[in-house]
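Undergrad: here is my input; please provide its structure:
(one chain, ligands or ions: 1)
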Amino acid sequence: MTEAKQYTCIGCPIGCPLHLEHDGNTIKEVSGYECDRGAKYAHQEFIDPRRSLSTTVAISGAMWPRLPIRTCKPIHKDQVLEAVRKIQALKLQAPVKMGQVLIRDFMGEKGIDVVACRTMKRADESS
Ligand code: SF4
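TA: Take a look at the predicted model:
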């Protein structure tokens, strides 16, 4: 039996409304996109939806109380809440360098690391 899902493409500000028809796990048709990125996005959302994760985490001994961090690749959408909990449990101590890997192979996925988005010196270090 053919069923349908609706998505909004996030590839650019136009936000094309995407219509995907599927029979079980088999995609039958995707429509509504203005360029190939939309079709690719609908396929990805149906097969393996993922989200990039950017947030901040507390850091001790630094000039600022929180460090911006991100995953270097998108993670499974249904793991985002658990991922945020794990990241918030991090105990960081300054100094940290931009790009420094804070958690390797995050959520059990090889090649997905949590990295620092900025350098954070110790509070008592001069600039
Ligand atoms: S399908 Fe193409 S034009 Fe439409 S929102 Fe996505 S990237 Fe933009």
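Undergrad: how about Ser52, what does it touch?
TA: Contact partners of Ser52, counting by C-beta atoms under 8 Å, 6 or more residues apart in numbering, are Arg70, Thr71, Lys73, Pro74, Ile75. Yep, even glycine has a C-beta here, placed from its N, CA and C like the rest.
Undergrad: same thing but 7 Å
TA: Arg70, Thr71, Pro74 (C-beta atoms under 7 Å, 6 or more residues apart in numbering).
Undergrad: residues near Glu82, how many?
TA: 12 (other C-beta atoms under 10 Å).
Undergrad: with Gly11 instead?
TA: By other C-beta under 10 Å, neighbour count at Gly11 equals 15.
Undergrad: setting aside sequence neighbours, what's the nearest residue to it?
TA: Arg37 (4.0 Å; C-beta to C-beta, 6 or more residues apart in numbering).
Undergrad: for that neighbour, pull up the helix or strand it's in.
TA: Here Arg37 is covered by helix 36-47, with elements defined by DSSP states H and E.
Undergrad: and the ligand, is that helix touching that?
TA: Yes. Using C-beta under 6 Å from any ligand atom, helix 36-47 comes into contact with the ligand via Arg37, Gly38.
Undergrad: output that helix as CSV, nothing but the C-alphas.
TA: Backbone C-alpha positions of helix 36-47 (Å, rounded to 0.1, in the frame of the first residue of the first chain) are rendered in CSV as follows:
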residue,chain,number,x,y,z
ASP,A,36,18.5,17.6,-6.9
ARG,A,37,19.4,18.6,-3.3
GLY,A,38,15.7,18.4,-2.4
ALA,A,39,15.3,14.9,-3.8
LYS,A,40,18.4,13.8,-2.0
TYR,A,41,17.2,15.4,1.3
ALA,A,42,13.8,13.6,1.1
HIS,A,43,15.6,10.2,0.5
GLN,A,44,17.9,10.9,3.5
GLU,A,45,15.0,11.9,5.7
PHE,A,46,13.1,8.8,4.9
ILE,A,47,16.0,6.3,5.0
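Undergrad: fine by me, thanks again.
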